[in-house]
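Asks: fold the following and give me the result.
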Amino acid sequence: MSIKLKTFSVFLSVMMAIGLMGVMTPSAGAITIAELQAQILVLQAQLEALQGTPSTGYTFSADLKMGSTGDAVKQLQIMLNKDAATQVAASGVGSAGSETEYFGPLTKAAVIKFQNKYASEILTP
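Replies: Numbers count the residues shown, from 1 in each chain. I've put the predicted structure just below:
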């Protein structure tokens with residue numbers, strides 16, 4: 001590469017950099033407290049919309065045991081999976097999002113963990 005071409009390339013690069021600096025640096029304006037409060041209100045409204053209505057829970061109308069099937073078993077597994085200490089399974093069948101309608105050994109083990117976790121609160125007179 002000739003010296004003339006190198007010089008021209010450097011000159012062109014510097015000129016482009018200077019030109020882009022003017023385009024890329026917007027002027028910073030001060031944000032007022034009122035504007036910040038308005039943004040906070042908008043964000044709070046978005047948060048409330050995303051959170052939705054809290055669930056009302058599930059009423060268990062029958063006793064559940066090994067071999068039980070149905071939606072009540074699935075609801076039990078969903079409730080157990082909300083706490084890592086009582087989850088039915090960490091992954092795969094029975095894990096959060098993969099609950100089943102079958103009360104098997106994994107569900108039984110999770111119920112025992114739940115009972116042990118809350119035994120002092122439930123059994124204390």
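Asks: quick one: least confident helix or strand in this structure?
Replies: Every helix and strand of the chain was ranked by mean pLDDT, DSSP states H and E. The lowest is helix 3-24, at a mean of 73.
Asks: where do the helices of the protein begin and end?
Replies: Per DSSP state H, the chain carries helices over the ranges 3-24, 33-51, 71-81, 105-123.
Asks: what about this structure, any weak spots by pLDDT?
Replies: 1, 21-28, 52-56 (pLDDT under 70).
Asks: ok, T100 - how many residues close by?
Replies: Residues contacting T100 under the criterion other CB atoms under 10 Å number 16. (C-beta placed from N, C-alpha, C; glycine too.)
Asks: enumerate every residue touching it.
Replies: 73-74, 77, 93-94 (CB atoms under 8 Å, 6 or more residues apart in numbering).
Asks: Q77 versus that one, what's the distance?
Replies: Distance from T100 to Q77, counting by CB to CB, to the nearest Å: 7 Å.
Asks: between these two, what contacts are shared?
Replies: By the contact definition CB under 8 Å, 6+ apart, T100 and Q77 are jointly contacted by G94.
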